[in-house]
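[1] got a predicted structure here, sequence first:
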Amino acid sequence: MTDQTPGTVTITLDGTNKSSTIKLLEGTIGPAVADIRKLYADLGIFTYDPGYGGTAACESKITYIDGDEGVLLHRGYPIEQLAMNSSFLEVAHLLLNGELPNAAEKHDFDMGVMRHTMLHEQIRSIYQGFRRDAHPMAVMCGVVGALSAFYHDSLDVNNPDHRRISAFRLIAKVPTIAAWAYKYTIGQPFMYPRNDLGYAENFLYMMNAVPAEPYHVNPVLARAMDRIMILHADHEQNASTATVRLSGSTGANPFACIAAGIASLWGPAHGGANEAVLKMLAEIGHVDNVKPFLDQVKDKNSHSRLMGFGHRVYKNFDPRAKILQATCHEVLAELGIKNDPLLDLAMELEKIALHDEYFIARKLYPNVDFYSGIILKAMGIPTSMFTALFAVSRTVGWISQWKEMMEDPSQRIGRPRQIYTGAAQRDYVAIDQRA
Ligand code: ACO
């Protein structure tokens, strides 16, 4: 590539007289982006970027990440300030609507969400179709997708009112769906939501309360849960968000798109990582086993990874992990947990890995999942619910990104290309003539 004039890059195809002048697009902050839309028409070539590490697939005003500097901004506000001063529903308003709400807007938004927390009564019977040992994420994929069959009155993706109501319904109902998935696996009665409680508080209530006795949600734990939700609310064009956008680009309804996002989040390289951290810590078992475990992780043939370490974008530190490290100690102090063997093990692992040449050279730092797994475990949230909780929080980001995409006039169906490396054209051979 040669830079000819500022704001453009010209690519010349060697051995031909063909060239393409590519415009550089500037965002508010962040690197310039080469607009390659004319490249195929000009030169007859595609670009190759498996994993999309260098490809911007959309324009967005929602979240900005600078992975080298460890910066995460939602609508311009640093995540540290939001986590310390805001609340999950306020952040949801910010992500969806672009601004922090004033008092009246906040009241209307909170009411809009909390008035939709119940599920259609018929949805209860969907749960009975699952095995009792179903993973909560399997139940969530199914039940969230099934919402499309219950709320026909808000499925017109081109109608702004329908989009708004669907957003409220999704944000309001996913905690109920997730909590009921848990109650179903342990055979306890479903707890109906309580709209007089805060968002995170209500989730803890539906998870832990039983009809037989009163249940008081510990405010420190409710605050920690709210903070965890804020920290997971959105993260730019990650795998699950990209999945939601790709699904939505076809005109699919938002419930179906969010179900697709939940499926994508489930994998251990993405939302399943905090569950995997706990499994890994249990496997290591004792501080003495940390070193042999790290040796195994560093061995390319072992295919094992230090779960909760590394990030596709953050190559310095994950700002969310820093906040959660502090929250982790707050929660353990509130619960009176001292010298927790699992936490000791996690801290030892963190200390050794941060000083190990292998991890330093590859810029592998603890990510948000490393600490969230430990906090959630201390709060008594079962490991199988970790990813479900992530899905509850990320629904806000998914639906905000979906809404932004649907309102973008340049939006078109997502359709990547490929390098085809299979057989060239050949003729069909009758079965009796095949080798
Ligand atoms: N443990 C050991 N080695 C690792 C790890 C890890 N956790 N992560 C990356 N590496 C190594 C790779 O083996 C590779 O080494 P090499 O250069 O010698 O071949 C190098 O670091 C680069 O790794 P990539 O796979 O190219 O990094 P990528 O950006 O594609 O992966 C990912 C990012 C998937 C998060 C990875 O670091 C990982 O698997 N981490 C563990 C799972 C995890 O915690 N996921 C949560 C992500 S955060 C989120 O979803 C909220």
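    It's in. Since the model is a prediction, treat every value here as computed from it, not as a measurement.
[2] contacts and neighbour counts: CA atoms only from here.
    Will do.
[3] elements contacting the top helix by length along the chain?
    The helix spanning the most residues in the chain, taking DSSP state H as the definition, is helix 160-186. Applying 3 or more C-alpha pairs under 8 Å, 6 or more residues apart in numbering; DSSP states H and E, we find helix 160-186 packed against helix 103-114, helix 136-146, helix 199-208, helix 254-265, helix 386-406.
[4] same list (those) but as JSON lines, adding mean neighbour count, mean pLDDT and distance to the ligand.
    Shown next, in JSON lines, are the helices and strands packed on helix 160-186 (neighbours: other C-alpha atoms under 10 Å; pLDDT from 0 to 100; distance: least, C-alpha to the nearest ligand atom, whole Å):
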{"stretch": "helix 103-114", "mean neighbour count": "15", "mean pLDDT": "96", "distance to the ligand": "25"}
{"stretch": "helix 136-146", "mean neighbour count": "21", "mean pLDDT": "97", "distance to the ligand": "15"}
{"stretch": "helix 199-208", "mean neighbour count": "23", "mean pLDDT": "97", "distance to the ligand": "19"}
{"stretch": "helix 254-265", "mean neighbour count": "25", "mean pLDDT": "98", "distance to the ligand": "8"}
{"stretch": "helix 386-406", "mean neighbour count": "26", "mean pLDDT": "97", "distance to the ligand": "9"}
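[5] want to try CSV for those, with distance to Asn274 as columns?
    Listed next are the helices and strands packed on helix 160-186 as CSV, based on distance: least, C-alpha to C-alpha, whole Å:
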stretch, distance to Asn274
helix 103-114, 27
helix 136-146, 14
helix 199-208, 19
helix 254-265, 12
helix 386-406, 7
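[6] ok, which of those helices comes nearest Lys322?
    Between Lys322 and the helices and strands packed on helix 160-186, the tightest spacing by C-alpha to C-alpha is seen for helix 386-406, at 17.8 Å.
[7] tilt between the closest one and helix 160-186?
    170 degrees (axes from the mean of the first three to the mean of the last three C-alpha atoms, to 10 degrees).
[8] what angle do helix 136-146 and helix 386-406 make with each other?
    Computed by the same axes, to 10 degrees, the angle between helix 386-406 and helix 136-146 is 30 degrees.
[9] helix 386-406 - contacts with which helices or strands?
    helix 88-97, helix 136-146, helix 160-186, helix 219-231, helix 239-248, helix 254-265, helix 273-284.
[10] give me the most central residue, the chain.
    Residue closest to the mean C-alpha point of the chain, counted by C-alpha atoms, centre = their mean, is Arg394 at 5.0 Å.
[11] what's the helix or strand for the closest residue to it other than its chain neighbours?
    Of all residues not flanking Arg394 in the chain, Ala233 sits nearest, at 4.5 Å (C-alpha to C-alpha, 6 or more residues apart in numbering). Counting by DSSP states H and E, there is no helix or strand that carries Ala233.
[12] thought Ala233 was touching Thr395?
    Yes - with contact defined as C-alpha atoms under 8 Å, Ala233 counts as touching Thr395 (7.2 Å).
[13] hang on, the earlier thing: so what's the residue nearest to Arg394 up against?
    Residues near Ala233 by C-alpha atoms under 8 Å, 6 or more residues apart in numbering: Val91, Ala92, Ser393, Arg394, Thr395, Val396, Gly397.
[14] can you count the residues close to the one residue in the stretch 151-300 of the chain that gets nearest to the ligand?
    In the stretch 151-300 of the chain, no residue comes nearer to the ligand than His270, which is 3.4 Å away by C-alpha to the nearest ligand atom. Close neighbours of His270, defined as other C-alpha atoms under 10 Å, add up to 17.
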